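Chemist: Return atomic coordinates for the entry below.
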Amino acid sequence: MSRLISDLGIIHPLQNALRDLEITVATPIQEEVIPIILEQAEDVVALAKTGTGKTAAFALPLLQLVDVENKEIQTLILAPTRELSQQIYKNITDFSKYLPEVSTVLITGGNSLKSQLEELKSPTHIIVATPGRFLDLLEKGAFDIKSLKNLVLDEADEMFQALKENSMEILKAVPKNRRTYLFSATMPGELKDIVHNYMSKNAVSLSADRANIGHEGIDHQYIIVEPIEKLDVLLHFLNSREGGRGIIFCKTKAAVNKLAKNLAIRKISSGALHGSLTQGIRDRIMEQFREGYIDILVATDLVARGIDVKELAYVVNYHLPDTTEAYVHRSGRTGRAGANGLSMTIIQEEEVKEIADFERELGIKFHPAKKANAEDIEWNNTLVWAKKVFKTKPNREIPEDVRQQVKTIFHHLTKEELVDKVLSNYLAENS
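Modeler: Okay, the predicted model is just below:
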């Protein structure tokens, strides 16, 4: 039976903030991690995917442990992407609502260096950062970390894969007597070396539902397609999931841009997200997605790490990821907080053997989904076209005399007759 967070030793100001957020019951990772951080002195290695409540697991006790009389930086939280750093910072801001004396600063690329330098002139207790920008400011002497007591490495597998050089520099720069808390959905060999070489030999190892990590409550399916029909099959899938929200993963930025353009041409509510976009554009797209103004994100793996959006109905692997770790993170965007989700992978015949590899390494079962037949695809494309027409804004630059002449041509037709003729014309042109 789950315990209340209030039973884990959390102080009343934090409990009040959680009550405002309607958070009362602890998740398994919170039950395990919070008491260790508060009551013990060991490092922690926790296997836990995003969506298990791990941010609160480390943020709540570390907020509680802040010595407000000490004006030095006491905790550094590192994350691999700006989006994830922003999400952690927002969570900490919400949690510390009734702890106004605790100061937290967000340091990421894409934001004004000058404004971040100004913020750091004031007493700062907690820094949430991406490795690159943190190192930039550390090298500029913007702050001193000699008093650092706590280091959090979130999504560590991705951080030490994509940002290894910067991450290693930080590990070497922080005080050796700090406590380290490492959170990761997977534990590749390279990360095991980090744990062995840079963390306490007595580090506490925890696993939040490790047997089901990345796929609890998720239905894993795949569809085999010919390359020429891949987009049409995707469109058929999206139409069958109309009203649901999801993420489509592509392997490269170019592929993201191409697919996002194809969806935009058809006026499908979507947005593209990859590392070459400016931070302002990425922030705007993420806000639109979180607020429900767009239903679909087309994204690369790295930037998707910061996407913490509830009630995602599905993820689509438009391209198979290169590693099982990447698949865990992709599929983990759906089926969150106990909900059910769908991870759909669109592959070619020669990639079926890779599905077997994923099954074996992750201990999950993929179910083959029946591909829509040619007739269903054709009729689905007709519906996509009709929705595109419906969403098209009127062209106000059409001369009024032309508009009136067209109206005259059609004026004797009923609505049903006009629809039949327009539909028949579309089918004739696309047969």
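
Chemist: which residues are contacting the helix or strand containing Glu417?
Modeler: Using DSSP states H and E, Glu417 sits in helix 415-429. With contact meaning CB atoms under 8 Å, 6 or more residues apart in numbering, helix 415-429 is reached by Thr382, Trp385, Ala386, Phe410, Leu413. The way it works is simple: take the backbone N, C-alpha and C, and place the C-beta from them, glycine included.

Chemist: Can you give me the end-to-end span of stretch 105-117?
Modeler: Terminal residues of stretch 105-117 are spaced 10 Å apart (CA to CA, to the nearest Å).

Chemist: need the next SSE after the helix or strand bottoming out on mean pLDDT in the chain, C-terminal direction.
Modeler: Scoring the helices and strands of the chain by mean pLDDT, DSSP states H and E places helix 324-331 at the bottom, with a mean of 81. Once the chain leaves helix 324-331, the next helix or strand it forms, by DSSP H and E, is strand 341-347.

Chemist: Counting neighbours, which bits of that following strand end up buried?
Modeler: Applying a neighbour-count criterion of 16 or more other CB atoms under 10 Å, one finds Gly341, Leu342, Ser343, Met344, Thr345, Ile346, Ile347 buried in strand 341-347.

Chemist: Let's have the residues you listed in JSON lines, adding pLDDT and distance to Glu32.
Modeler: Shown next, in JSON lines, are the buried residues of strand 341-347 (pLDDT from 0 to 100; distance: CB to CB, whole Å):
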{"residue": "Gly341", "pLDDT": "85", "distance to Glu32": "24"}
{"residue": "Leu342", "pLDDT": "91", "distance to Glu32": "29"}
{"residue": "Ser343", "pLDDT": "92", "distance to Glu32": "27"}
{"residue": "Met344", "pLDDT": "95", "distance to Glu32": "32"}
{"residue": "Thr345", "pLDDT": "95", "distance to Glu32": "32"}
{"residue": "Ile346", "pLDDT": "95", "distance to Glu32": "37"}
{"residue": "Ile347", "pLDDT": "93", "distance to Glu32": "37"}
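
Chemist: Asp136: which of these is nearest?
Modeler: Among the buried residues of strand 341-347, Ser343 lies closest to Asp136 (CB to CB), at 36.7 Å.

Chemist: That closest one contacts Gly217, correct?
Modeler: No - the pair Ser343 and Gly217 fails to qualify as a contact (CB atoms under 8 Å) at a distance of 10.7 Å.

Chemist: Between the two, which contacts overlap?
Modeler: By CB under 8 Å, 6+ apart, the residues touching both Ser343 and Gly217 are Gly335.

Chemist: hmm, who's touching the host helix or strand of Lys258?
Modeler: If you go by DSSP H and E, Lys258 is part of helix 253-265. Residues outside helix 253-265 that contact it (CB under 8 Å, 6+ apart): 231, 248, 250, 270-276, 296, 298-300, 318-319, 388.

Chemist: Kindly report the same for stretch 80-94.
Modeler: 17, 21, 55-56, 59, 63, 77, 79, 104, 106-110, 126, 128-131, 154-155, 158-159, 162-163, 279, 282-283, 286, 302-303, 305-308.

Chemist: go on, stretch 136-150?
Modeler: The contact list for stretch 136-150 (CB under 8 Å, 6+ apart) reads 62, 65, 70, 72-76, 107, 113, 116-117, 120, 124, 127, 170, 173-175, 178-181.

Chemist: Can you tell me which of the residues you listed are buried?
Modeler: Using 16+ other CB under 10 Å as the burial test, the contacts of stretch 136-150 include 62, 73-76, 107, 116, 120, 124, 127, 170, 174, 178-181 as buried.

Chemist: quick one: low-confidence parts of the stretch 101-250 of the chain?
Modeler: 208-216 (pLDDT under 70).

Chemist: Kindly recompute the last result at 90.
Modeler: By pLDDT under 90, the weakly predicted segments of the stretch 101-250 of the chain are 109-121, 140-142, 155, 157-165, 184-194, 196-198, 200-202, 206-218, 239-245.

Chemist: And the helices in it, which stretches?
Modeler: For the stretch 101-250 of the chain, the helices defined by DSSP state H, counting those that start in this stretch occupy 113-119, 131-139, 156-162, 164-173, 189-198, 230-240.

Chemist: Kindly report the same for the stretch 251-400 of the chain.
Modeler: Along the stretch 251-400 of the chain, the stretches classed as helices by DSSP H, counting those that start in this stretch are 253-265, 279-290, 324-331, 352-362, 374-391, 400-410.

Chemist: Apart from its neighbours in sequence, what residue is nearest Asn380?
Modeler: Leaving aside its chain neighbours, Asn380 sits nearest to His236 (4.5 Å; criterion: CB to CB, 6 or more residues apart in numbering).
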